[in-house]
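Trainee: next input, structure requested:
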Amino acid sequence: MSGPAQRSGWVRADVIAGLITAAVVIPKALAYATIAGLPVEAGLYTVLVPMALYALLGTSRPLSVSTTTTLAILTGAALADMSSHGNPADLVTTAATLTALTGLILVFAGLLRLGFVANFISEPVLVGFKAGIGIVIVVDQLPKLLGIHFAKAGFLHNLVATIQGIPEAALPTVAVGVTTVIVLALLEHFAPRAPAPLLAVAGGIAAMQLLGLERHGVAAVGTVPTGLPPVILPDPQLALALWPAALGIALMSFTESIAAGRAFARSGEPTPQPNRELFATGAANLAGALVGAMPAGGGTTQTAVNRLAGARTKLSGLVTAMAALGTALYLAPYIAKMPDATLAAIVIVYSVSLIQPHEFMDIAKVRRTEFVWALVAAVGVVLLGTLQGIVVAIVVSLVALAHQISDPPVRMLGRKAGTNILRPLTRRHPDDRTIPGLLMLRPEGRIYFANAERAGQKMRALIEETHPKVVAIDMSAVFDFEYTALKMLTQAEKRLRDNDIALWLVNLNPGVLAMVRRSPLGERLGHERMFANLELAIERFQNDR
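Mentor: Residues are numbered from 1 along each chain as shown. So this is what the prediction gives:
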């Protein structure tokens, strides 16, 4: 048990970590609010309320909950589809409704114990999805960095319009944005522990004041309300139009939260509990909706900062929330003077980190098919939009899962030269030998109605190729054998027997063995054609021969 001195040390570490995390998270949240098309204070309120409530209810000690690039652009896409987008008051109400719906979906999912749903998005698909998000955000923010204006539309339209607008870029705005990017890059490289976003924001505000950049056409954030956030009531009439977007945002919020919480859990700490996390992030969003916060979730970058800064308990999250409260009460007038180009630069720098070419290459080295899935997810986000990209990502993941389980491996076994070791035949081991007349096969995984036919096709092809007298199926890697598969194997045994080929079953696990023994197949095979291991089967084959 920890003593008073140790607990005192933890409090000190958490206070420091919370303040350092606030210095990184608050400027980024302000920037992410602009991605969603919301007033910058919406980002500040997202740090304030959801962060505090998660710290009280969540199960992850280091998880830092506010908004992320992914959630911000999904929110922006949802709000852009609403006709109220042009009215600031209606927009805030719409955002609050979206956040409340996101929270309700997460809470109900937690109560229904649906935490396993996060596992339905595979890692390659998530890599592609995030890369697509990063590309979309960069293209969306470049006009602000260049000081050019045009009517936004789809990704390709925005990309072409941005390129065409480069000759008309406002040089003072470009100078502010490029300088911010350089400062952030240098700090990340030479002083990775420094609160780079805070320093960039402070520098932008100072430059705006000292150099009079507004006189040169550099746009500022504008008015930011000072004081406590007002109470915003969601509009139930918007729920029908917003629930599909809220469902996608809830899925990504939970996926990012659980991934970040697991990634930064230390040995000896409790691992995040998926269903409790659903409830905690849902409650955090519901509370945030009442103050006009954006949809919230755990962010990998800010959680990493929190952990590296020394966070030991969830107290650090409460400290970060209190820092956001202090900012709302006292620093709002200074935030109003921040250049838009500075915010755009912060968004671009941290969005680029979502695009990880080396991860694509790592996936390609391991399995080319999953590399294709990652590319499909990325292209789906870029060309179809972020909300539709979630659907693409989920569909690709489910198709990938269906492909994997519908195509079970069937290995042909041989003996390693000069030994009694049996292993799958591969091109890497050309000296491995088979036993003439005995075909040894090893299917792997669960064999059931969706993949039994495919497994059977692979076995038939090998039987036709080798013309054995005995087919010995090693079932050691088959953990479940469904009735449909058993019936097909029974039919296959009859066809083999009609062609004077014997079927033997080897190394069945207790559950499968009991099922086979109760079936007609078990009655036909009897004990003499079911073996505990392959060595016994080989010995029997050699004796019979």
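Trainee: may I see the buried residues of stretch 512-531?
Mentor: Residues Val512, Leu513, Met515, Val516, Ser519, Leu521, Gly522, Leu525, Arg529, Met530, Phe531 are the ones in stretch 512-531 that count as buried (16 or more other C-beta atoms under 10 Å). Quick note: C-beta positions are derived from backbone N, CA and C, even for glycine.
Trainee: ugh, typo on my part, it should be stretch 181-197
Mentor: Buried residues in stretch 181-197 (16+ other C-beta under 10 Å): Val181, Val183, Leu184, Leu187, Pro195, Ala196, Pro197.
Trainee: in space, what's closest to Ile135 - neighbours in sequence excluded?
Mentor: Nearest non-adjacent residue to Ile135, counting by C-beta to C-beta, 6 or more residues apart in numbering: Val382, 5.6 Å away.
Trainee: before we move on, what about Val107?
Mentor: For Val107, the closest residue by C-beta to C-beta, 6+ apart turns out to be Gly282, at 3.5 Å.
Trainee: what's the following helix or strand after the helix or strand where that neighbour lies?
Mentor: Using DSSP states H and E, Gly282 sits within helix 274-289. Using DSSP H and E, the next helix or strand after helix 274-289 towards the C-terminus is strand 297-298.
Trainee: chain center to that following strand, what's the gap?
Mentor: 11 Å (C-alpha atoms, centre = their mean, to the nearest Å).
Trainee: what helices and strands are in contact with that strand?
Mentor: Counting by 3 or more C-beta pairs under 8 Å, 6 or more residues apart in numbering; DSSP states H and E, the packing neighbours recorded for strand 297-298 are helix 239-263.
Trainee: can you check what angle separates the helix it packs on from helix 274-289?
Mentor: For helix 239-263 against helix 274-289, the angle between stretch directions is 130 degrees (axes from the mean of the first three to the mean of the last three C-alpha atoms, to 10 degrees).
Trainee: now helix 239-263: buried residues?
Mentor: Neighbour-count burial for helix 239-263 [16+ other C-beta under 10 Å]: 242-243, 245-246, 248-261, 263.
Trainee: over to stretch 99-114?
Mentor: Of the residues in stretch 99-114, Thr99, Ala100, Leu101, Thr102, Gly103, Leu104, Ile105, Leu106, Val107, Ala109, Gly110, Leu114 count as buried by neighbour count, 16+ other C-beta under 10 Å.
Trainee: now the third one. Nearest residue, chain neighbours left out?
Mentor: With C-beta to C-beta, 6+ apart as the criterion, Leu101 has its nearest non-adjacent residue at 3.6 Å, and that residue is Ala246.
Trainee: quick one: residues contacting that neighbour.
Mentor: Ala78, Leu98, Leu101, Thr102, Leu104, Ile105, Pro295 (C-beta atoms under 8 Å, 6 or more residues apart in numbering).
Trainee: let's see 6 Å
Mentor: Leu98, Leu101, Thr102, Ile105 (C-beta atoms under 6 Å, 6 or more residues apart in numbering).
Trainee: tell me which of the residues you listed is nearest to Leu48?
Mentor: Among the contacts of Ala246, Thr102 lies closest to Leu48 (C-beta to C-beta), at 17.2 Å.
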